[in-house]
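return atomic coordinates for the entry below.
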Amino acid sequence: MNVNKDLQNERNKCSFNVRELTEFIDGGKNRTLERKHIEKLILAQKDELFGGTPEDYLSHKEKYERAIQTNVIILKIVQDFMRDANGGDLTNYRDVLTTLLNFVVSREGTPFALHFMMFLPVFLSQADEEQQMEWLPRAWNCNIIGSYAQTELGHGTFIRGLETTATYDAATKEFVLHSPTVTSYKWWPGALGHTANYCVVVAQLHTKGQCHGIHSFIVQVRDEETHMPLAGIRVGEIGAKMGLNMINNGFIGFNHVRIPRRHLLMKHAQVLEDGTYVKSRNSKLNYGAMVFVRVVIVFDSVNYLSKAVTIATRFAAVRRQSQLKANEPECQIIDFLTQQHKLFIGIATCHALKMTATKLWDTFNEVQQQLRGGNLERLPELHALACCLKAVSTADTAALAEGGRRACGGHGYMRSSGLPQTCAVLDAACTFEGDNTVLLLQTARFLVKVWRGLDTLKLTPTVAYLRTTLTEGFNDKWENTVEGIIKGFQTVSMRKISECVSCMAKRIMSGMSQEEAWNMTSVQLVAAAESHCRVIIISYFHEEFVKVSSSFSPALRRVMKLLVELYTLYWALDKLQDLLKYTSISKTNTEQLQERYEDTLNALRPDAVGLVDAFDIMDEILQSTLGAYDGRVYERLMEEALKSPLNAEPVNRSFHQYLKPLMQGKL
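The predicted structure is shown next:
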């Protein structure tokens, strides 16, 4: 392979073993070998998967048809893993799902995403044993393709306001699904446009003249043989979007569609044959599927950010522009500290969020075990944690990917760079599966409840620091260490939560209702929830690094320690206003933090390319002219430009039809 000499020089001076870090990122040597095996199988079908007209020049319809073709091929390859997996083993299921998401061929996403991210998990968390035995094998083997329809034209995050109804008819032992208004049409479900033939529909359950709130129902949408929509169902695609167009988002409306009673998912609540409603012992038990998907979103956000920083960092090593000193050759733009400031935090964030998401996944499994034993104690904490991590991780990765795109200058605006599509995906994640602001407010509600019961409640692990920060002398003296900064963030979070509670109390005392006081304090509540999440991410990143660092070689341990420090210093400087307001940090301390941050950037500079190489994303998946492993940036840009249909002929027919008459004054 002919590799750009600047990029090769960067690899030559890397101080650590890149393969060692790759295996850590993958979760072990065997996982890396498994991934490499899948890559080999994918590359064996390279022509089918990556040949033909570039995706950017296809019509919307052609893109969808190619997405189905290529994703079926990928799915068949990954099904080797699925056949060995137990349908109810969520630990293995996450690995299968993240493998599928990592090998999405289209830059516009995959129409199978929601089948694995929501349809299957809902059965695992909300279907009873009999329903799981009936539906899971068919869904697991993709004998049916499913979607998840919750959001409506008129309602998104506020699911209690959903208008779709499911009314039980005891005479026929059926539910009647109906969309009473245009705003009650389901809108946004992935795969529903033209891919899925089944769907989990969230609707208001009515029986014996009473509404019992939202419940989930399994509904057949299309005929299994012909794929035609069934009677009473109006279904289609919602149209082109900013990105992720191959997710095949759809709409669906129901005109008195009848489904069997047992199509209500009945793990937690049931409707008996005579129409009697049996209430769930805890409505929050339905959180399971949403927690699961939010954990997956964090992992997926890391996946896309790792692509963005790989592209931007390799380009920064190849691109030479301007001079650091007069009369010297143009330098690599990665040598500019401002460029390092834009890029290296993205690399650190990938590791911080990956470790945090893994910790959250472990917590999810622990709580699931406790739920099976009837212990619901940590369920609210888990829900609050998943909400804020989804919100903060998607906001951060979206901002950092966009920063990486801009760091590539004009070339980052080219679709062939792969960056615009990556940024569009991460931007979308800020609103799907829960708007970030609403999710932070849900976390804030949990934190307010904890604060009000601080003297009496048994604190769960992620909020135990709120009591610790109140102990005498906890943070009287500022320390410019990772541990000291974490203490500072804990103090900030505690003070913000405390101020929110005090502020609401004052407003209620002045005559406001609870709801009005909450709304008027909501900006502060969002900030408090974000601060709490910063504590969680930085703490987990530091703790998990300390836990695993003994298994690293000395060289890798040094580099990973620098990434932990960089991440912590970056956010300390970014949130300096909060630290100055709530802690004992001094002007001298802040100057030292800034100097240390710049020194850390400089220390990471020789290993930057090695750090992104360790993500080990093959060119065929990266699909970037700027970020390919060989660094042939300019050659690839020209090669891709020549693939444009407009360059197929030297003169476009519009010249003779319109331009020539205009220029010759003959119009």
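
for this protein, just list every one of the strands.
For the chain, the strands defined by DSSP state E cover 146-149, 165-169, 174-178, 186-187, 198-207, 210-220, 233-237, 250-254, 257-260, 270-271, 277-278.

buried sites along the second one?
Of the residues in strand 165-169, 165-168 count as buried by neighbour count, 16 or more other C-beta atoms under 10 Å. (C-beta placed from N, C-alpha, C; glycine too.)

could you say what helices and strands that strand packs with?
strand 174-178, strand 198-207 (3 or more C-beta pairs under 8 Å, 6 or more residues apart in numbering; DSSP states H and E).

mind redoing it with 10 Å?
Packing contacts for strand 165-169, counted by 3 or more C-beta pairs under 10 Å, 6 or more residues apart in numbering; DSSP states H and E, involve strand 174-178, strand 198-207, strand 210-220, strand 257-260.

now the angle from that strand to strand 198-207?
Per axes from the mean of the first three to the mean of the last three C-alpha atoms, to 10 degrees, the angle that strand 165-169 makes with strand 198-207 is 60 degrees.

name the strands paired with strand 165-169 and say parallel or antiparallel.
Applying DSSP bridges, strand 165-169 is found paired with strand 174-178 (antiparallel), strand 198-207 (parallel).

to Leu637, which of these lies closest?
Closest to Leu637 of the strands paired with strand 165-169 is strand 198-207 (C-beta to C-beta; 42.5 Å).

just the mean pLDDT for the closest one, thanks.
For strand 198-207, the mean pLDDT works out to 95.

only C-alpha atoms, please: export it in CSV.
What follows is strand 198-207, C-alpha atoms only, in CSV (Å, rounded to 0.1, in the frame of the first residue of the first chain):
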residue,chain,number,x,y,z
TYR,A,198,-44.9,-6.1,12.1
CYS,A,199,-44.9,-3.3,14.6
VAL,A,200,-45.1,-2.7,18.3
VAL,A,201,-47.7,0.0,18.7
VAL,A,202,-48.0,2.2,21.8
ALA,A,203,-51.7,3.1,22.4
GLN,A,204,-54.2,4.2,25.1
LEU,A,205,-55.8,1.0,26.4
HIS,A,206,-59.6,1.2,26.9
THR,A,207,-61.6,-1.6,28.5
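
my guess is Ser584 contacts Asn480. True?
No: with contact defined as C-beta atoms under 10 Å, Ser584 does not reach Asn480; the gap is 11.9 Å.

common neighbours of these two, please.
Gly488 (C-beta atoms under 10 Å, 6 or more residues apart in numbering).

any low-confidence regions in this structure?
Along the chain, the parts satisfying pLDDT under 70 run over 81-95, 282-289, 372.

quick check: domain ranges of it?
Per automatic domain parsing, the structural domains of the chain span 5-117+288-429, 145-283, 436-596.

now the end-to-end length of the first one.
Counting by C-alpha to C-alpha, to the nearest Å, you get 37 Å between the two ends of domain 5-117+288-429.

going forward, count from 56.
From this message on, residue numbering opens at 56, which makes the last subject domain 60-172+343-484.

possible to save the domains of the chain as JSON lines with distance to Leu659?
As requested, the domains of the chain are exported to JSON lines (distance: least, C-beta to C-beta, whole Å):
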{"stretch": "domain 60-172+343-484", "distance to Leu659": "5"}
{"stretch": "domain 200-338", "distance to Leu659": "31"}
{"stretch": "domain 491-651", "distance to Leu659": "5"}
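
which stretches in the stretch 256-405 of the chain count as helices?
342-373, 392-427 (DSSP state H, counting those that start in this stretch).

so which of those helices is nearest Asp482?
Closest among the helices of the stretch 256-405 of the chain, using C-beta to C-beta: helix 342-373, at 10.4 Å.

list the buried ones in the closest one?
342-373.

angle of that helix against helix 392-427?
Going by the same axes, to 10 degrees, helix 342-373 is angled at 160 degrees with respect to helix 392-427.

quick one on the thing from earlier: tabulate the helices and strands packed on strand 220-224 (TSV), appending mean neighbour count and distance to Ala572.
As requested, those are arranged in TSV below (neighbours: other C-beta atoms under 10 Å; distance: least, C-beta to C-beta, whole Å):
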stretch	mean neighbour count	distance to Ala572
strand 229-233	21	38
strand 253-262	23	29
strand 265-275	19	26
strand 312-315	16	43
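
mind checking which of the ones you listed is nearest Asp81?
Comparing the helices and strands packed on strand 220-224 by C-beta to C-beta, strand 253-262 comes nearest, at 31.7 Å.

work out the gap between that closest one and the centre of the chain.
The chain centroid and the centroid of strand 253-262 are separated by 26 Å, computed with C-alpha atoms, centre = their mean, to the nearest Å.

what angle separates that strand from strand 305-309?
40 degrees.

tell me what angle strand 253-262 forms with strand 265-275.
Orientation check (the same axes, to 10 degrees): strand 253-262 against strand 265-275 gives 160 degrees.

how many degrees apart are strand 253-262 and strand 288-292 in direction?
140 degrees.

and the helices in the stretch 406-555 of the chain?
434-462, 474-484, 491-507, 520-523, 537-564.
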